[in-house]
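K.L.:
Next come a sequence and a model predicted from it.
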Amino acid sequence: MRKNPVFIILGTLISFNLLAWMAVWELRGSGLEVTFFDVGQGDAAFIETPERMQILIDGGPTSVILEKLGKEMPFWDRTIDWIILTHPEKDHLSGLIEVLKSYNVKNILWTGIVRDTAEYREWQKLIKEEGAGIVIAKAGMCALSDSAQSCALSESAHVDILYPFESLEGKELKDSNDTSIIAKLVFGKISFLFTGDATQSVEKELVRGPTPHNLDSDVLKVGHHGSKTSTSKEFVKAVSPEVAVISAGKNNSYGHPHREVLDNLAGINILRTDLDGDIKIISDGVNYTVN
């Protein structure tokens with residue numbers, strides 16, 4: 001049977017188009033990219049290392065995370081290396097449920113605490129079905145690494161877990177905000193501090209606790225969407241960030257970010273997803289730019 005030349009031409013054009021897209025994606029840059037997604041009243045941040053390791057920290061409150069990931073990942077890439085759930089509250093967890101349904105997730109880092117919510121039960125069901133590697137977070141551990149002897153994500157990037165100070169696996173709590181994983185991403189000389197929804201009581205433990213020297217960071221993901229229960233003056237001073245990112249929904253009913261928090265961040269470059277949309281920070285390990 002003779003092949004229709006129209007289909008041959010179309011097939012060739014599609015192949016070339018796909019190859020061109022792949023080439024463009026590979027040439028996007030050799031630095032670290034951290035994108036704080038505008039997911040409404042919630043948190044979601046996407047990290048991609050120069051070696052194309054992909055990490056998603058929280059997923060926001062809805063399926064909008066899938067649209068956001070679709071803009072950052074090529075359409076043929078359906079695998080995420082790591083998901084980090086800072087704590088299982090709806091505004092951080094619900095989007096991750098949608099991600100688990102749509103992507104192959106290799107590894108999951110979370111605290112393992114127990115919550116009595118529909119979202120939590122669905123999360124438990126899906127992570128068992130996913131068959132991903134499960135890591136329970138605690139301070140001092142080497143996270144997101146294949147080697148127990150190294151915290152390296154890549155040749156020049158690593159993640160330090162600063163909180164919780166001990167394993168919380170199996171503990172049942174009504175409010176999980178103060179169980180939030182607090183992690184510091186270091187890429188060369190540039191660092192990012194992710195704080196989940198931890199309140200000032202946890203911040204105080206970190207400032208006065210066993211690892212205060214680890215807090216200093218260039219970029220701070222502001223705790224609890226800018227609630228006045230987080231981001232104390234003492235904590236801001238210890239972190240000493242140049243950039244503070246607040247993830248909050250437009251005209252949210254909580255009044256986030258609170259004026260007191262904005263005052264505590266005076267003199268720091270404040271970026272807000274409710275005003276700025278998605279916020280991307282790109283670094284070569286020495287400098288960084290905000291897009």
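P.N.:
Looks like it arrived, so ask away. Numbers count the residues shown, from 1 in each chain.
K.L.:
for the residue lying closest to Y163 once chain neighbours are set aside, what are its contacts?
P.N.:
In space, and not counting its chain neighbours, Y163 is closest to I182: 3.9 Å by C-beta to C-beta, 6 or more residues apart in numbering. All C-beta atoms are positioned from the backbone trio N, CA, C, and that covers glycine. For I182, the contact set (C-beta atoms under 8 Å, 6 or more residues apart in numbering) comprises 86, 161-163, 193-196, 198, 202, 206.
K.L.:
please redo it, this time with the cut-off set to 7 Å
P.N.:
Counting by C-beta atoms under 7 Å, 6 or more residues apart in numbering, I182 touches 162-163, 194-196, 198, 206.
K.L.:
Filter the residues you listed down to the ones in helices?
P.N.:
L206 (DSSP state H).
K.L.:
how about the contacts of I182 in CSV, adding distance to Y254 and pLDDT?
P.N.:
Output for the contacts of I182, formatted as CSV (distance: C-beta to C-beta, whole Å; pLDDT from 0 to 100):
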residue, distance to Y254, pLDDT
L162, 26, 93
Y163, 23, 94
F194, 20, 98
T195, 17, 98
G196, 16, 98
A198, 16, 98
L206, 24, 95
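K.L.:
which among the contacts of I182 gets closest to E122?
P.N.:
G196 (20.1 Å; C-beta to C-beta).
K.L.:
Would you agree that closest one is in contact with T179?
P.N.:
No. Using C-beta atoms under 7 Å as the test, G196 is too far from T179 to be in contact (8.4 Å).
K.L.:
measure the residue nearest to Y163 to V245 for me?
P.N.:
Going from I182 to V245 by C-beta to C-beta, to the nearest Å gives 15 Å.
K.L.:
what sits in contact with each of G196 and T179?
P.N.:
Common neighbours of G196 and T179 (C-beta under 7 Å, 6+ apart) are H87.
K.L.:
Looking at those two, which one has more neighbours?
P.N.:
Neighbours were counted for G196 and for T179 using other C-beta atoms under 10 Å; G196 has more, 28 against 25.
K.L.:
Now that one. Nearest residue, chain neighbours left out?
P.N.:
S180 (2.7 Å).
K.L.:
any idea how far the one you found lies from V222?
P.N.:
For S180, the distance to V222 - C-beta to C-beta - is 13 Å.
K.L.:
Y254 too?
P.N.:
14 Å.
K.L.:
and these two? which has more neighbours close in?
P.N.:
V222 (28 against 14).
K.L.:
Quick one: neighbours of the closest residue to that one other than its chain neighbours, just the number.
P.N.:
Of all residues not flanking V222 in the chain, I246 sits nearest, at 4.6 Å (C-beta to C-beta, 6+ apart). By other C-beta under 10 Å, the residues close to I246 number 26.
K.L.:
Return the set of residues that bridge with I246.
P.N.:
When assigned by DSSP bridges, I246 has beta-bridge partners R272.
K.L.:
Could you report the distance from it to E48?
P.N.:
22 Å.
K.L.:
Equivalent analysis for F37, please.
P.N.:
Distance from F37 to E48, by C-beta to C-beta: 13 Å.
K.L.:
looking at it, P88 is touching D116, isn't it?
P.N.:
No. Using C-beta under 7 Å, P88 is not in contact with D116, being 10.5 Å away.
K.L.:
who has more neighbours, the two?
P.N.:
P88 (23 against 9).
K.L.:
Kind regards, and thank you for your time.
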